[in-house]
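Novice: need a structure here:
(one chain, ligands or ions: 1)
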Amino acid sequence: MTDSAFSAVKVSEHVWWVGAIDWSLRDFHGYSTERGSTYNAYLVMGEYPVLIDTVKAGFRDEMLARVASVTDPNNVKVIVSQHAEMDHSGALPQVIDIIKPDKVYASQMGVQNLAAQLHHNHQITAVKDAETLKLGGLSFTFLETRMLHWPDSMVSYLAEDELLFSQDGFGMHLASGRRFADETDPADMSFEGRKYYANILLPYSSLILKLLERVGKLDISIKTIAPDHGPIWRKDLGTILGWYAKWAEQKPENRAIITFDTMWQSTALMARVIADAMSEAGTDVCLMPLHGSTRADVMTELLCAGALLVGSPTINNGMFPTVADVLTYARGLKPKNLIGAAFGSYGWSGEACFEVEEYLRQMNVELAAPALRLKFVPDEAALSQCREFGKVVASKLKERVGA
Ligand code: FEO
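Specialist: Have a look, this model is predicted:
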């Protein structure tokens, strides 16, 4: 190893982590990332070095310095780009210019998407699904994982180290000085893994179940899973595989997410009373005010729930902007198997609840009760209606999950 500003971390016999840590990232295309992230790239040291993925453009020098801590970057003969999204490919054109590799590989869609995104002039060679190449004397097998989560995504298996470079799969946004899952607080792993799944991979859950089945049928052993974000799994792989199987299944649980915003605290009061009634009925309730919870927080909690209740006051004949934001985001992520309901206070027209219900229908959320719309500030009778509303939804949820 040579002296370098940043160090590589050894992962397995031939593999080094040479990625970058983004301690400052707080927003990843709309997904709140309070703990930053990492862009993992890997150097495979066979007869010649192979680089698996690169990093976001601004982290090019950090990555090259980590490579330089193992070998002169100009020794790298091959780059494999597993995914065209710019957190992994942003630095690719410049890295190619600097190190001048003999070959750059990507999936067939990757070749197209890298050209469309980066407008580069480099020759990139397409690998086929399930193709195996000997690179630097080591055996790499490439598996296309189309729409997990981009059309160009693929993963790579290094047979000699029994290691899967899993790209975005099994990753999480978590900046840390620790590189391995077994060195990281299990609660952080579970929460950030769930958050990543809910906000990135959820719409493709059926493909994940198929991929898990496909990999299970391959005659290979996987000892290490090396994703492109967050810690590397080298122990207890059953933990992350089990999480993915559960999350992909989206089996509803006896848990309700009640998210809302409020103008003068009436819708907030309704939310609190509905939550109380549901708790009393035995539902695990999570109340998420949108003036303090991000859209990504709501999706994270919704992943292991069975009911989504949405509260909005009416403002200017429509729903509150923060409610529209979270519903638009949630609709795109396509959660499944939910029941739900709308509620809210209004002054004179009261359209918000109907707009919320329309979103819920578009999300295939089964409406468990008609919208509860209350005029101005709820009185005792109105609060009783809130309790009854909560009880009805709790009872339907119980029925749904067989609790
Ligand atoms: Fe981490 Fe889809 O990029």
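
Novice: residues in contact with the residue of the chain found nearest the ligand?
Specialist: Nearest residue of the chain to the ligand: E85, at 3.6 Å (Cβ to the nearest ligand atom). C-betas here are computed from N, CA, C, even on glycine. Contacts for E85 were tallied using Cβ atoms under 8 Å, 6 or more residues apart in numbering; they are W150, D168.

Novice: try it again with 6 Å
Specialist: W150 (Cβ atoms under 6 Å, 6 or more residues apart in numbering).

Novice: what are the phi and psi values for it?
Specialist: E85 adopts backbone torsions of phi -60, psi 150, taken as degrees, to the nearest 10.

Novice: what pLDDT does T2 get?
Specialist: Note on T2: pLDDT of 55.

Novice: From the chain's centre, how far out is whichever strand or helix holds T267? Work that out for me.
Specialist: Of the helices and strands defined by DSSP states H and E, T267 is found in helix 266-280. Centre-to-centre, helix 266-280 and its host chain are 30 Å apart (Cα atoms, centre = their mean, to the nearest Å).

Novice: by contact count, what packs against it?
Specialist: strand 255-260, strand 284-289, strand 339-346, helix 380-401 (3 or more Cβ pairs under 6 Å, 6 or more residues apart in numbering; DSSP states H and E).

Novice: In that helix, which residues are buried?
Specialist: For helix 266-280, a neighbour-count test (16 or more other Cβ atoms under 10 Å) marks 266-278 as buried.

Novice: Next: stretch 281-301.
Specialist: 281, 283-290, 293-301.

Novice: picking that back up, wait, which of the helices and strands packed on helix 266-280 is closest to P370?
Specialist: strand 339-346 (7.9 Å; Cβ to Cβ).

Novice: Could I get the CA-only coordinates of stretch 229-244 as PDB?
Specialist: Listed next in PDB are the C-alpha coordinates belonging to stretch 229-244 (Å, rounded to 0.1, in the frame of the first residue of the first chain):
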ATOM      1  CA  HIS A 229     -24.700   2.200  -0.400                       C
ATOM      2  CA  GLY A 230     -24.000   1.700   3.300                       C
ATOM      3  CA  PRO A 231     -22.400  -1.300   5.100                       C
ATOM      4  CA  ILE A 232     -21.200  -4.500   3.600                       C
ATOM      5  CA  TRP A 233     -22.700  -7.800   4.700                       C
ATOM      6  CA  ARG A 234     -20.100 -10.500   5.500                       C
ATOM      7  CA  LYS A 235     -22.000 -12.300   8.300                       C
ATOM      8  CA  ASP A 236     -25.600 -13.300   9.000                       C
ATOM      9  CA  LEU A 237     -26.700 -12.800   5.400                       C
ATOM     10  CA  GLY A 238     -30.000 -14.400   6.300                       C
ATOM     11  CA  THR A 239     -30.900 -11.200   8.200                       C
ATOM     12  CA  ILE A 240     -30.900  -8.900   5.200                       C
ATOM     13  CA  LEU A 241     -32.300 -11.600   2.900                       C
ATOM     14  CA  GLY A 242     -35.100 -12.200   5.400                       C
ATOM     15  CA  TRP A 243     -35.900  -8.500   5.600                       C
ATOM     16  CA  TYR A 244     -36.200  -8.300   1.900                       C
END
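
Novice: Give me the contact list for it.
Specialist: Outside stretch 229-244, the residues that touch it by Cβ under 6 Å, 6+ apart are 11, 37-38, 170-174, 179-182, 184, 193, 224-226.

Novice: Quick check on those residues: which are buried?
Specialist: For these, a neighbour count by 16+ other Cβ under 10 Å gives the buried set as 11, 37-38, 170-174, 179-181, 184, 193, 224-226.
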